[in-house]
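J.: quick check, what structure comes out for this input:
(2 chains)
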2 protein chains.
Amino acid sequence: MRVEVRFSGFGGQGIVTAGIILGRAASLYEGKHAVQTQSYGPEARGGASRSEVVISDSEILYPKVTKPDVFVVMSGEALQRYLKDVRKGCRVIYDSSLIRTPPSKGMPYAVPATLMAKKHLGRTIVANIILLGALSAITGVVGMEALEKAVLDTVPKGTEELNLRALKLGYEAGAEAVQGGGE
Amino acid sequence: MRVEVRFSGFGGQGIVTAGIILGRAASLYEGKHAVQTQSYGPEARGGASRSEVVISDSEILYPKVTKPDVFVVMSGEALQRYLKDVRKGCRVIYDSSLIRTPPSKGMPYAVPATLMAKKHLGRTIVANIILLGALSAITGVVGMEALEKAVLDTVPKGTEELNLRALKLGYEAGAEAVQGGGE
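T.: Next up, the predicted model:
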(Lines give C-alpha, C1' and ligand atoms only; values in the text may rest on other atoms or scores of the structure.)
Protein backbone atom coordinates (compact mmCIF):
# COMPACT_ATOMS: atom_id res chain seq x y z
CA MET A 1 0.00 0.00 0.00
CA ARG A 2 1.51 3.30 -1.18
CA VAL A 3 -0.10 6.68 -0.62
CA GLU A 4 1.10 9.84 -2.33
CA VAL A 5 0.27 13.20 -0.77
CA ARG A 6 1.00 16.62 -2.27
CA PHE A 7 0.73 19.98 -0.48
CA SER A 8 0.90 23.18 -2.45
CA GLY A 9 0.34 26.89 -1.94
CA PHE A 10 2.55 29.93 -1.66
CA GLY A 11 5.58 30.71 0.49
CA GLY A 12 4.80 31.49 4.13
CA GLN A 13 1.77 29.21 4.40
CA GLY A 14 3.76 26.41 6.03
CA ILE A 15 3.55 23.99 3.11
CA VAL A 16 6.97 22.51 3.91
CA THR A 17 6.15 22.20 7.61
CA ALA A 18 2.91 20.37 6.80
CA GLY A 19 4.83 17.81 4.75
CA ILE A 20 7.43 17.31 7.46
CA ILE A 21 4.78 16.78 10.14
CA LEU A 22 2.89 14.26 8.01
CA GLY A 23 6.08 12.34 7.18
CA ARG A 24 7.10 12.22 10.83
CA ALA A 25 3.64 11.20 12.01
CA ALA A 26 3.40 8.28 9.60
CA SER A 27 6.94 7.02 10.15
CA LEU A 28 7.92 7.76 13.74
CA TYR A 29 4.49 7.22 15.25
CA GLU A 30 2.76 4.73 12.98
CA GLY A 31 5.68 2.56 11.93
CA LYS A 32 5.41 3.23 8.19
CA HIS A 33 8.09 4.16 5.72
CA ALA A 34 7.87 7.75 4.52
CA VAL A 35 9.76 10.01 2.16
CA GLN A 36 9.12 13.73 2.27
CA THR A 37 10.28 15.95 -0.57
CA GLN A 38 10.52 19.62 -1.49
CA SER A 39 11.16 20.43 -5.11
CA TYR A 40 12.27 23.89 -6.07
CA GLY A 41 12.14 24.85 -9.71
CA PRO A 42 11.74 28.20 -11.45
CA GLU A 43 8.18 28.50 -10.05
CA ALA A 44 9.56 28.68 -6.50
CA ARG A 45 11.05 32.06 -7.36
CA GLY A 46 7.53 33.27 -8.05
CA GLY A 47 6.61 32.40 -4.46
CA ALA A 48 5.00 29.01 -5.11
CA SER A 49 5.65 26.28 -2.57
CA ARG A 50 5.25 22.50 -2.91
CA SER A 51 5.88 19.64 -0.56
CA GLU A 52 5.23 15.94 -1.06
CA VAL A 53 5.03 12.85 1.11
CA VAL A 54 5.00 9.22 0.04
CA ILE A 55 3.88 6.80 2.75
CA SER A 56 4.17 3.05 2.44
CA ASP A 57 4.25 -0.14 4.47
CA SER A 58 7.41 -1.18 2.65
CA GLU A 59 10.59 0.58 1.57
CA ILE A 60 10.01 3.44 -0.87
CA LEU A 61 12.12 3.04 -3.97
CA TYR A 62 10.54 5.81 -6.01
CA PRO A 63 10.02 8.95 -3.90
CA LYS A 64 8.41 11.16 -6.54
CA VAL A 65 4.72 11.98 -6.48
CA THR A 66 3.25 11.79 -9.96
CA LYS A 67 -0.45 11.10 -9.41
CA PRO A 68 -1.29 12.10 -5.85
CA ASP A 69 -3.93 10.22 -3.89
CA VAL A 70 -4.38 13.29 -1.70
CA PHE A 71 -3.84 16.90 -2.77
CA VAL A 72 -3.96 19.65 -0.15
CA VAL A 73 -4.04 23.01 -1.85
CA MET A 74 -3.87 26.52 -0.41
CA SER A 75 -3.89 28.83 -3.43
CA GLY A 76 -5.79 29.14 -6.69
CA GLU A 77 -2.52 29.36 -8.56
CA ALA A 78 -1.30 26.06 -7.10
CA LEU A 79 -4.62 24.43 -7.92
CA GLN A 80 -4.32 25.52 -11.55
CA ARG A 81 -0.70 24.38 -11.77
CA TYR A 82 -1.32 20.85 -10.46
CA LEU A 83 -4.85 20.17 -11.63
CA LYS A 84 -3.39 18.15 -14.50
CA ASP A 85 -2.08 15.57 -12.00
CA VAL A 86 -5.44 15.10 -10.24
CA ARG A 87 -6.92 11.75 -11.19
CA LYS A 88 -10.50 10.63 -10.62
CA GLY A 89 -10.15 9.23 -7.08
CA CYS A 90 -7.77 11.91 -5.77
CA ARG A 91 -9.06 13.64 -2.65
CA VAL A 92 -8.57 17.36 -3.10
CA ILE A 93 -8.66 19.19 0.23
CA TYR A 94 -8.73 22.88 -0.57
CA ASP A 95 -8.67 26.00 1.54
CA SER A 96 -12.04 27.38 0.52
CA SER A 97 -11.34 30.72 2.15
CA LEU A 98 -8.62 31.31 -0.47
CA ILE A 99 -9.93 29.25 -3.42
CA ARG A 100 -13.37 30.36 -4.52
CA THR A 101 -13.99 27.91 -7.35
CA PRO A 102 -14.01 24.23 -6.30
CA PRO A 103 -11.57 21.94 -8.15
CA SER A 104 -13.07 20.56 -11.36
CA LYS A 105 -11.39 17.15 -10.99
CA GLY A 106 -10.98 14.55 -8.26
CA MET A 107 -13.05 14.45 -5.06
CA PRO A 108 -13.15 17.97 -3.57
CA TYR A 109 -13.41 18.71 0.15
CA ALA A 110 -13.80 22.36 1.16
CA VAL A 111 -12.10 23.43 4.40
CA PRO A 112 -11.94 27.20 5.01
CA ALA A 113 -8.69 26.79 6.93
CA THR A 114 -7.29 30.31 6.77
CA LEU A 115 -10.59 31.84 7.81
CA MET A 116 -11.00 29.30 10.63
CA ALA A 117 -7.46 29.98 11.83
CA LYS A 118 -8.12 33.69 11.94
CA LYS A 119 -11.57 33.49 13.47
CA HIS A 120 -11.10 30.77 16.07
CA LEU A 121 -7.41 31.05 16.88
CA GLY A 122 -6.48 34.58 15.87
CA ARG A 123 -3.51 33.34 13.82
CA THR A 124 -3.72 32.57 10.09
CA ILE A 125 -0.29 30.90 10.33
CA VAL A 126 -1.86 27.67 11.66
CA ALA A 127 -4.10 27.15 8.60
CA ASN A 128 -1.65 24.44 7.47
CA ILE A 129 -2.16 22.56 10.74
CA ILE A 130 -5.94 22.82 10.38
CA LEU A 131 -5.60 21.20 6.96
CA LEU A 132 -3.52 18.37 8.45
CA GLY A 133 -6.30 17.65 10.93
CA ALA A 134 -8.80 17.69 8.07
CA LEU A 135 -6.59 15.33 6.09
CA SER A 136 -6.67 12.84 8.95
CA ALA A 137 -10.49 12.90 9.10
CA ILE A 138 -11.00 12.81 5.34
CA THR A 139 -8.40 10.25 4.29
CA GLY A 140 -7.47 8.20 7.35
CA VAL A 141 -3.92 8.14 5.94
CA VAL A 142 -2.60 9.01 9.39
CA GLY A 143 -4.21 9.03 12.83
CA MET A 144 -4.68 12.01 15.09
CA GLU A 145 -2.51 10.64 17.89
CA ALA A 146 0.47 10.34 15.56
CA LEU A 147 -0.19 13.80 14.13
CA GLU A 148 -0.35 15.32 17.60
CA LYS A 149 3.02 13.83 18.52
CA ALA A 150 4.59 14.97 15.26
CA VAL A 151 3.17 18.48 15.70
CA LEU A 152 4.72 18.65 19.17
CA ASP A 153 8.07 17.52 17.71
CA THR A 154 8.04 20.14 15.02
CA VAL A 155 6.42 23.44 16.01
CA PRO A 156 8.31 26.20 17.85
CA LYS A 157 8.27 26.13 21.64
CA GLY A 158 5.42 28.12 23.09
CA THR A 159 3.08 27.41 20.16
CA GLU A 160 2.22 23.80 21.06
CA GLU A 161 -1.22 24.52 22.50
CA LEU A 162 -2.22 26.75 19.58
CA ASN A 163 -1.17 24.11 17.08
CA LEU A 164 -2.94 21.27 18.87
CA ARG A 165 -6.12 23.32 18.89
CA ALA A 166 -5.72 23.98 15.18
CA LEU A 167 -5.27 20.27 14.52
CA LYS A 168 -8.43 19.39 16.42
CA LEU A 169 -10.47 22.12 14.72
CA GLY A 170 -9.26 20.82 11.38
CA TYR A 171 -10.23 17.27 12.23
CA GLU A 172 -13.75 18.41 13.05
CA ALA A 173 -14.01 20.44 9.85
CA GLY A 174 -12.73 17.46 7.86
CA ALA A 175 -15.27 15.15 9.47
CA GLU A 176 -17.99 17.65 8.53
CA ALA A 177 -16.75 17.86 4.96
CA VAL A 178 -16.94 14.05 4.75
CA GLN A 179 -20.50 14.10 6.08
CA GLY A 180 -21.32 16.60 3.38
CA GLY A 181 -20.08 14.05 0.82
CA GLY A 182 -17.19 16.19 -0.27
CA GLU A 183 -18.97 19.14 -1.89
CA MET B 1 26.07 19.59 -13.38
CA ARG B 2 24.37 17.64 -10.57
CA VAL B 3 25.53 17.74 -6.96
CA GLU B 4 24.23 15.35 -4.31
CA VAL B 5 24.48 16.35 -0.65
CA ARG B 6 23.56 14.20 2.33
CA PHE B 7 23.21 15.36 5.95
CA SER B 8 22.97 12.83 8.73
CA GLY B 9 23.03 12.71 12.50
CA PHE B 10 20.49 12.18 15.23
CA GLY B 11 17.14 13.82 15.92
CA GLY B 12 17.33 17.31 17.42
CA GLN B 13 20.54 18.32 15.63
CA GLY B 14 18.70 20.21 12.93
CA ILE B 15 19.54 17.81 10.10
CA VAL B 16 16.22 18.49 8.32
CA THR B 17 16.56 22.25 8.75
CA ALA B 18 20.08 22.14 7.26
CA GLY B 19 18.72 20.41 4.16
CA ILE B 20 15.86 22.85 3.77
CA ILE B 21 18.18 25.86 4.07
CA LEU B 22 20.60 24.45 1.50
CA GLY B 23 17.77 23.63 -0.94
CA ARG B 24 16.31 27.11 -0.59
CA ALA B 25 19.67 28.85 -0.92
CA ALA B 26 20.53 27.04 -4.15
CA SER B 27 17.10 27.41 -5.75
CA LEU B 28 15.59 30.67 -4.55
CA TYR B 29 18.83 32.62 -4.38
CA GLU B 30 21.14 31.07 -6.96
CA GLY B 31 18.61 30.13 -9.64
CA LYS B 32 19.31 26.37 -9.57
CA HIS B 33 16.89 23.48 -9.43
CA ALA B 34 16.88 21.68 -6.08
CA VAL B 35 15.07 18.74 -4.53
CA GLN B 36 15.28 18.24 -0.79
CA THR B 37 14.27 14.95 0.74
CA GLN B 38 13.74 13.35 4.14
CA SER B 39 13.53 9.57 4.23
CA TYR B 40 12.17 7.89 7.31
CA GLY B 41 12.66 4.17 7.68
CA PRO B 42 12.94 1.91 10.68
CA GLU B 43 16.23 3.61 11.67
CA ALA B 44 14.36 6.89 12.28
CA ARG B 45 12.64 5.27 15.24
CA GLY B 46 16.08 4.77 16.75
CA GLY B 47 16.59 8.52 16.66
CA ALA B 48 18.61 8.70 13.43
CA SER B 49 17.97 11.61 11.09
CA ARG B 50 18.83 12.02 7.41
CA SER B 51 18.20 14.77 4.93
CA GLU B 52 19.31 15.03 1.32
CA VAL B 53 19.56 17.72 -1.32
CA VAL B 54 20.13 17.36 -5.04
CA ILE B 55 21.16 20.56 -6.80
CA SER B 56 21.31 20.92 -10.56
CA ASP B 57 21.32 23.48 -13.34
CA SER B 58 18.56 21.54 -15.08
CA GLU B 59 15.40 19.80 -13.97
CA ILE B 60 15.96 16.97 -11.51
CA LEU B 61 14.32 13.77 -12.70
CA TYR B 62 15.87 11.45 -10.12
CA PRO B 63 15.75 12.98 -6.63
CA LYS B 64 17.44 10.19 -4.69
CA VAL B 65 20.97 10.51 -3.40
CA THR B 66 22.90 7.30 -3.98
CA LYS B 67 26.55 8.38 -4.06
CA PRO B 68 26.78 11.78 -2.39
CA ASP B 69 29.34 14.33 -3.54
CA VAL B 70 29.17 15.95 -0.12
CA PHE B 71 28.38 14.19 3.15
CA VAL B 72 27.84 16.26 6.30
CA VAL B 73 27.78 13.99 9.32
CA MET B 74 27.03 14.73 12.96
CA SER B 75 27.19 11.36 14.72
CA GLY B 76 29.45 8.32 14.71
CA GLU B 77 26.45 6.09 14.17
CA ALA B 78 25.42 8.00 11.03
CA LEU B 79 28.98 7.85 9.75
CA GLN B 80 29.05 4.08 10.15
CA ARG B 81 25.64 3.68 8.53
CA TYR B 82 26.45 5.65 5.39
CA LEU B 83 30.17 5.03 5.00
CA LYS B 84 29.34 2.43 2.33
CA ASP B 85 28.01 5.20 0.07
CA VAL B 86 31.12 7.38 0.37
CA ARG B 87 33.08 7.23 -2.88
CA LYS B 88 36.66 8.39 -3.41
CA GLY B 89 36.00 12.06 -4.20
CA CYS B 90 33.18 12.61 -1.69
CA ARG B 91 33.83 15.48 0.68
CA VAL B 92 33.02 14.30 4.17
CA ILE B 93 32.47 17.23 6.52
CA TYR B 94 32.24 15.79 10.01
CA ASP B 95 31.54 17.26 13.41
CA SER B 96 34.86 16.38 15.01
CA SER B 97 33.58 17.28 18.48
CA LEU B 98 31.18 14.31 18.24
CA ILE B 99 33.09 11.96 15.92
CA ARG B 100 36.50 11.09 17.26
CA THR B 101 37.78 8.83 14.47
CA PRO B 102 38.06 10.52 11.06
CA PRO B 103 36.16 8.86 8.20
CA SER B 104 38.20 6.15 6.50
CA LYS B 105 36.87 6.95 3.02
CA GLY B 106 36.39 10.05 0.87
CA MET B 107 38.02 13.41 1.60
CA PRO B 108 37.52 14.21 5.29
CA TYR B 109 37.21 17.75 6.68
CA ALA B 110 37.07 18.13 10.46
CA VAL B 111 34.85 20.91 11.82
CA PRO B 112 34.20 20.79 15.59
CA ALA B 113 30.78 22.38 15.07
CA THR B 114 29.03 21.43 18.32
CA LEU B 115 31.99 22.53 20.41
CA MET B 116 32.29 25.78 18.45
CA ALA B 117 28.57 26.45 18.87
CA LYS B 118 28.81 25.95 22.61
CA LYS B 119 32.06 27.86 23.11
CA HIS B 120 31.52 30.85 20.82
CA LEU B 121 27.74 31.17 20.74
CA GLY B 122 26.58 29.46 23.92
CA ARG B 123 24.04 27.36 21.98
CA THR B 124 24.82 23.89 20.61
CA ILE B 125 21.60 24.03 18.57
CA VAL B 126 23.33 26.07 15.84
CA ALA B 127 25.99 23.45 15.09
CA ASN B 128 24.02 22.56 11.95
CA ILE B 129 24.31 26.16 10.72
CA ILE B 130 28.05 26.17 11.42
CA LEU B 131 28.34 23.09 9.21
CA LEU B 132 26.40 24.83 6.42
CA GLY B 133 28.91 27.69 6.51
CA ALA B 134 31.74 25.16 6.40
CA LEU B 135 30.07 23.41 3.46
CA SER B 136 30.07 26.68 1.53
CA ALA B 137 33.79 27.24 2.13
CA ILE B 138 34.80 23.62 1.47
CA THR B 139 32.66 22.79 -1.56
CA GLY B 140 31.57 26.05 -3.18
CA VAL B 141 28.26 24.30 -3.94
CA VAL B 142 26.42 27.36 -2.68
CA GLY B 143 27.56 30.90 -1.88
CA MET B 144 27.38 32.61 1.48
CA GLU B 145 25.04 35.35 0.32
CA ALA B 146 22.42 32.81 -0.76
CA LEU B 147 22.88 30.85 2.48
CA GLU B 148 22.42 33.99 4.56
CA LYS B 149 19.13 34.78 2.82
CA ALA B 150 17.89 31.21 3.18
CA VAL B 151 18.85 31.18 6.88
CA LEU B 152 16.85 34.36 7.41
CA ASP B 153 13.84 32.77 5.62
CA THR B 154 13.95 29.66 7.77
CA VAL B 155 15.07 30.22 11.34
CA PRO B 156 12.66 31.30 14.10
CA LYS B 157 12.20 35.00 14.68
CA GLY B 158 14.60 36.38 17.25
CA THR B 159 17.38 33.90 16.36
CA GLU B 160 18.50 35.54 13.12
CA GLU B 161 21.63 37.19 14.50
CA LEU B 162 22.75 34.03 16.32
CA ASN B 163 22.33 31.95 13.17
CA LEU B 164 24.15 34.42 10.92
CA ARG B 165 27.07 34.42 13.36
CA ALA B 166 27.06 30.62 13.32
CA LEU B 167 27.11 30.61 9.53
CA LYS B 168 30.08 32.98 9.42
CA LEU B 169 32.01 31.03 12.05
CA GLY B 170 31.40 27.88 10.06
CA TYR B 171 32.64 29.46 6.87
CA GLU B 172 35.88 30.45 8.59
CA ALA B 173 36.32 26.97 10.06
CA GLY B 174 35.66 25.44 6.65
CA ALA B 175 38.22 27.71 5.00
CA GLU B 176 40.74 26.64 7.66
CA ALA B 177 39.96 22.97 7.08
CA VAL B 178 40.61 23.49 3.36
CA GLN B 179 43.94 25.20 4.11
CA GLY B 180 44.84 22.19 6.19
CA GLY B 181 44.21 20.03 3.11
CA GLY B 182 41.29 18.21 4.66
CA GLU B 183 42.92 16.26 7.47
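J.: name the residues of chain A found near chain B, please.
T.: A:16, A:20, A:23-24, A:26-28, A:31, A:33-41, A:44-45, A:59-60, A:63-64, A:156 (C-beta under 8 Å from any C-beta of the partner chain). Glycine gets a C-beta too; all of them are placed from N, C-alpha and C.
J.: which PyMOL command selects the buried ones in the residues you listed?
T.: Burial among those is assessed by 16 or more other C-beta atoms under 10 Å in any protein chain shown; the matching PyMOL selection reads:
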select buried, chain A and resi 16+20+23+24+26+27+28+33+34+35+36+37+38+39+40+44+60+63+64
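J.: the residues of chain A next to chain B in helices, which ones?
T.: Within the residues of chain A next to chain B, residues falling in helices by DSSP state H are A:16, A:20, A:23-24, A:26-28.
J.: as JSON lines, these with pLDDT would be great.
T.: What follows is those, written out as JSON lines (pLDDT from 0 to 100):
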{"residue": "A:Val16", "pLDDT": "94"}
{"residue": "A:Ile20", "pLDDT": "96"}
{"residue": "A:Gly23", "pLDDT": "96"}
{"residue": "A:Arg24", "pLDDT": "95"}
{"residue": "A:Ala26", "pLDDT": "96"}
{"residue": "A:Ser27", "pLDDT": "94"}
{"residue": "A:Leu28", "pLDDT": "93"}
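J.: closest one to chain B out of those residues, please.
T.: Ranked by distance to chain B (C-beta to the nearest C-beta), those are led by A:Ser27 at 3.3 Å.
J.: got JSON lines for the ones in helices among the residues of chain A next to chain B, with distance to B:Pro68 too?
T.: Listed next are these as JSON lines, based on distance: C-beta to C-beta, whole Å:
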{"residue": "A:Val16", "distance to B:Pro68": "22"}
{"residue": "A:Ile20", "distance to B:Pro68": "21"}
{"residue": "A:Gly23", "distance to B:Pro68": "21"}
{"residue": "A:Arg24", "distance to B:Pro68": "23"}
{"residue": "A:Ala26", "distance to B:Pro68": "25"}
{"residue": "A:Ser27", "distance to B:Pro68": "22"}
{"residue": "A:Leu28", "distance to B:Pro68": "24"}
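J.: B:Met116: which of the residues you listed is nearest?
T.: A:Ile20 (26.8 Å; C-beta to C-beta).
J.: from the chain's centre, how far out does the longest helix seen in chain A sit?
T.: If you go by DSSP H, chain A has its longest helix at helix A:160-179. Helix A:160-179 sits 12 Å away from the centroid of its parent chain (C-alpha atoms, centre = their mean, to the nearest Å).
J.: got the contact list for that helix?
T.: A:93, A:109-113, A:116-117, A:120-121, A:123, A:126-127, A:129-138, A:144, A:147-148, A:151-152, A:155 (C-beta atoms under 8 Å, 6 or more residues apart in numbering or on different chains).
J.: which positions within it qualify as buried?
T.: Applying 16+ other C-beta under 10 Å to helix A:160-179 flags A:162-167, A:169-171, A:173-174, A:177-178 as buried.
J.: among the contacts of helix A:160-179, which ones are buried?
T.: If we count by 16+ other C-beta under 10 Å, the contacts of helix A:160-179 have these buried: A:93, A:109-113, A:116-117, A:121, A:126-127, A:129-138, A:144, A:147-148, A:151, A:155.
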